[in-house]
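Colleague: quick check, what structure comes out for this input:
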Amino acid sequence: MSDATSKLDAALAAADASLDAGLDRLLELVAIPSISAETAHAPDVRRAADWLVADLTSMGFDASVRDTQGHPMVVGHDNSAPDGVPHVLFYGHYDVQPADPLELWDADPFAPALVKQPDGETWITGRGASDDKGAFMTFIEACRAWKAATGALPCRVTVLLEGEEEIASPSLGPFLEATADELRADVAVVCDTDMWDHDTPAITTMMRGLMAEEFTITAANRDLHAGIFGGAARNALQVMADVLASCRAADGSVAVAGFYDDVRELPEEVRASWTALPFDDQGFLDGVGLSQPAGETDRSVLEQCWSRPCFEVHGFSGGYSGEGFKSVIPGKAHAKVSYRLVPDQDPETVRAALRDHIRAQLPADCSVEFTALGRAAPVAMPVGGPMLHKALDALRDEWGKAAIAGTGGSIPILAEFRNRLGLDPLLVGFARFDNRVHAPNEKYDLSSFVHGTRSWVRILDRFAR
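Modeller: Numbering: from 1, shown residues only. You can find the predicted model right below:
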């Protein structure tokens, strides 16, 4: 047995031996209501940062709380590794979503617990148990296991934990700019994504971007009596319905001029990887009570969700929708919409095209006002790099299989890592699709925590070889 193999085995054994203590640490962290969106919880966000610094310091990291204009960052460095090994930058976020509506939770969202399930699985429950405390603590516990078993990490490691991810990371860009020399590394890894299925971990290489918009259409200068003005006066809600309908074609494509100009096709390696995945198009929709895909008719469901852009309506309102009936013609109508974007599409270019399209659809006597709600650039990661394939090999060693996947969601920080540090992070996820992130009764599977920790032990070993 080689020295490297014996060290890996010792680190894996240490991870297994410290499971109970690791779970106690995770439950203690989840119990801190670090809700970044609510000013009343700002002291709790700070308390979570302090807790993490103390934990990293106890392992030998040089860790500190870094103040920003908003909530603080946590940075920890460990230089115990031998010379000549890669420098790994690990990113996670310790802030969480608000827990509302509280009445839909089975228990206090900040009283985490281990709950045995009928199928034999155990759930770690509580707000942040999955997103992202349980996820990033798998990496922290892997580092702890290496230190306990061998006294050092196999790679040089920097940990960056953010306190504002759930509010779109307003301080992250300036922070990365100011600390670029300190944080620059050979590889960045992020643990804030999902597994492919219940038993298959995934490295996500493509994430769609986001462009969100709110707009108000005005017709008459007030709501009108339908009996007096009906048939002659323009109805703002009807105009809104027509405008929204005009944004998509009958074949499921987006009907905005120039929208597809910068959309590229999938790389063949990625397409082949996706084709090999055992994905059930019909079962995917059946699970949410649907039967027919609604996207571009010449694309698979995976492509529709992962690699093709789309337009969605999230809500529109106007007139009267209360109890009973009120015979009015609305003078104003409001809508919230978004685009999910793919690599090479620029959110602001798409925003301008949407606004031009809406203006062109307005009939006489109508006007529109726009409000930008947010944006995130789409990201595609290289699929041929050595670090990605080392991570895939490590995942296969632990789980027996691994997938290269995409996701329709958006993580704004990925573009920041590329732009500020010149890094394309590896997105390694152990969350499952039923973890109820951002929803009541959030959970993280114990098996995800156990095998996630062991996976990071193996990934660090692979990176160092």
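Colleague: how is the chain divided into domains?
Modeller: 3-207+378-464, 209-268+292-376 (automatic domain parsing).
Colleague: is Gln345 in contact with Pro309, as I believe?
Modeller: Yes: Gln345 is within contact range of Pro309, at 6.2 Å (criterion: C-beta atoms under 8 Å). (Each C-beta comes from the backbone N, C-alpha and C, glycine too.)
Colleague: joint contacts of these two?
Modeller: Common contacts of Gln345 and Pro309, defined by C-beta atoms under 8 Å, 6 or more residues apart in numbering, comprise Val263.
Colleague: so Gly151 versus Ala14, what's the distance?
Modeller: Between Gly151 and Ala14 the computed distance is 11 Å (C-beta to C-beta, to the nearest Å).
Colleague: who has more neighbours, these two?
Modeller: Legend: neighbour count by other C-beta atoms under 10 Å for Gly151 and Ala14, higher for Ala14 (19 against 9).
Colleague: who are the contact partners of the more buried one?
Modeller: Residues in contact with Ala14, defined by C-beta under 8 Å, 6+ apart, are Arg144, Ala145, Trp146, Ala148, Ala149.
Colleague: how close does the last one get to Val450?
Modeller: Just to be clear, that refers to Ala149. Here Ala149 is placed at a distance of 17 Å from Val450 (C-beta to C-beta).
Colleague: what of Pro267?
Modeller: 34 Å.
Colleague: which pLDDT value belongs to the residue nearest the centre of the chain?
Modeller: Against the mean C-alpha coordinate of the chain, by C-alpha atoms, centre = their mean, the closest residue is Ile411 at 4.7 Å. Here, the pLDDT recorded for Ile411 equals 75.
Colleague: then the one 4 residues further on?
Modeller: The predicted local confidence for Ala415 comes out at a pLDDT of 81.
Colleague: try Leu285
Modeller: We have a pLDDT of 89 for Leu285.
Colleague: excluding its backbone neighbours, what's nearest it?
Modeller: Excluding its sequence neighbours, the residue lying closest to Leu285 (C-beta to C-beta, 6 or more residues apart in numbering) is Ser291, at 6.0 Å.
Colleague: helix, strand or coil for the one you found?
Modeller: Following DSSP: H, G, I helix; E, B strand; the rest coil, Ser291 is assigned to coil.
Colleague: surely it and Phe284 touch.
Modeller: No: judged on C-beta under 8 Å, Ser291 makes no contact with Phe284 at a distance of 10.8 Å.
Colleague: neighbour count winner among the two?
Modeller: Phe284 (14 against 7).
Colleague: which ones are touching the more buried one?
Modeller: Val301.
Colleague: thought the residue nearest to the centre of the chain was touching Ala376?
Modeller: Yes: Ile411 lies in contact with Ala376 (C-beta under 8 Å); the separation is 7.3 Å.
Colleague: tell me which other helices or strands the helix or strand containing Leu114 touches.
Modeller: In this structure, Leu114 sits in strand 113-116 according to DSSP states H and E. Using 3 or more C-beta pairs under 8 Å, 6 or more residues apart in numbering; DSSP states H and E as the contact test, the elements touching strand 113-116 are helix 19-30, strand 122-125.
Colleague: which outside residues touch the host helix or strand of Glu214?
Modeller: Assessed by DSSP H and E, Glu214 sits inside strand 209-218. Residues outside strand 209-218 that contact it (C-beta under 8 Å, 6+ apart): 236, 239-240, 243, 331-342, 345, 347-348, 350-351, 354-355, 358, 362, 366-379, 410.
Colleague: ok, stretch 103-110 next?
Modeller: With contact meaning C-beta under 8 Å, 6+ apart, stretch 103-110 is reached by 30-33, 99, 102, 113, 125-127, 440-442.
Colleague: how about a cut-off of 6 Å?
Modeller: Contact with stretch 103-110 is made by Ala31, Pro33, Ala99, Gly126, Arg127, Pro440, Asn441, as judged by C-beta atoms under 6 Å, 6 or more residues apart in numbering.
Colleague: which among those residues end up buried?
Modeller: Buried members of the contacts of stretch 103-110, scored by 16 or more other C-beta atoms under 10 Å, are Ala31, Pro33, Ala99, Gly126, Arg127, Asn441.
Colleague: so the second one, which state does it fall into?
Modeller: Secondary structure of Pro33, reduced to three states by three-state DSSP: coil.
Colleague: do the fifth one as well
Modeller: What three-state DSSP gives for Arg127 is coil.
Colleague: what separation do you get for the nearest residue to it once chain neighbours are set aside and Ile35?
Modeller: Spatial nearest neighbour of Arg127, chain neighbours left out: Pro109 (4.0 Å); criterion: C-beta to C-beta, 6+ apart. To Ile35, Pro109 is 10 Å away according to C-beta to C-beta.
Colleague: do the same with Ser253
Modeller: Per C-beta to C-beta, Ser253 is found 39 Å from Ile35.
Colleague: pLDDT weak spots in this protein?
Modeller: Counting by pLDDT under 70, the chain shows low-confidence ranges at 1.
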